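K.L.:
Got a predicted structure here, sequence first:
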Amino acid sequence: MVIAREGLGLILVSVVISLVFWLLVLLTQGKMSLILANLFALSTLFLLFFFRDPERMIPSGPDLIVSPSDGRVIEIEPITEHDFLGSPGRRISVFLSPLDVHIIRSPMEGQVLYSRYARGGFKAAYKREASQQNENLELGLVCGKGKLVLRQIAGFLARRIVCRAQETDHLSRGARLGIIKFGSRVELILPENVEISIRREERVRAGETVIGVFR
């Protein structure tokens, strides 16, 4: 299993602290050292699990839009307009629990022509108000058939959005874009000429699940 590079520092720190406490256990036989050694060992295992970066089978085919994240679809709703789209559309919201893979992938092949970061709060990511009030990062992608917006939203536990993509970058479908650390929400804002192929409460996988197709 590949580990995302964004998690290597945290994992290394957790391993070192765990080893220090295990050394203290050997030297002092202290119960508190044993408890702390076990806690940091569990922490290391959780971090390895959280920052896993599995390979995905990216579907081929023209004009497909794939899920940018793992998680559960919690909302599919119309929007009146988005500045980048310049037209009405629909918003698909996916909630990621701390147990989901948190690697974010490009939903389609295209060029990044818009990027906007907004500071905000850290409400629980499954709540509707988190969409507008939480810290978030938007990317606008353009392909031959149209545009879409990918919004990465921090949650109650998530305190950092890491995005590798920059404006003018050309992305392939399913390309790794970064990670949101420890629970979050990801949204796709799609134009009306996208035929959506998923439903609310459906589980999706980044880079694999087809969200829709440009008509």
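P.N.:
Perfect, I can see it now.

K.L.:
Would you report the backbone torsion angles of Thr80?
P.N.:
Backbone geometry at Thr80, expressed as degrees, to the nearest 10, gives phi -80, psi -40.

K.L.:
With Arg199 as the reference, measure out to the residue lying closest to it once chain neighbours are set aside.
P.N.:
With sequence-adjacent residues excluded and distances taken as C-beta to C-beta, 6 or more residues apart in numbering, Thr80 is closest to Pro88, at 5.6 Å. Every C-beta, even on glycine, is put in place using the N, C-alpha and C of the backbone. Computed as C-beta to C-beta, to the nearest Å, the Pro88 to Arg199 distance reads 21 Å.

K.L.:
higher neighbour count, the two?
P.N.:
Between Pro88 and Arg199, counted using other C-beta atoms under 10 Å, the more crowded position is Pro88 (12 against 8).

K.L.:
wait, the more buried one sits on Ile79?
P.N.:
Yes. Pro88 lies in contact with Ile79 (C-beta atoms under 8 Å); the separation is 6.5 Å.

K.L.:
Check which helix or strand Ile11 maps to.
P.N.:
For Ile11, the host element (DSSP states H and E) is helix 8-28.

K.L.:
ok, residues contacting the helix or strand just after that helix?
P.N.:
Of the helices and strands lying after helix 8-28 in sequence (DSSP H and E), the nearest is helix 31-50. Applying C-beta atoms under 8 Å, 6 or more residues apart in numbering, the contact partners of helix 31-50 are 3, 7, 10-11, 14-15, 17-18, 21-22, 24-25, 98-99, 102, 182.

K.L.:
Show me the domain layout of the chain.
P.N.:
As assigned by automatic domain parsing, the chain contains the domains 5-50, 64-214.

K.L.:
could I get the ones you listed as CSV with mean pLDDT?
P.N.:
Shown next, in CSV, are the domains of the chain (pLDDT from 0 to 100):
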stretch, mean pLDDT
domain 5-50, 90
domain 64-214, 88
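
K.L.:
Is it possible to get a markdown table of those that adds distance to Arg56?
P.N.:
What follows is the domains of the chain, written out as a markdown table (distance: least, C-beta to C-beta, whole Å):
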| stretch | distance to Arg56 |
| --- | --- |
| domain 5-50 | 17 |
| domain 64-214 | 4 |
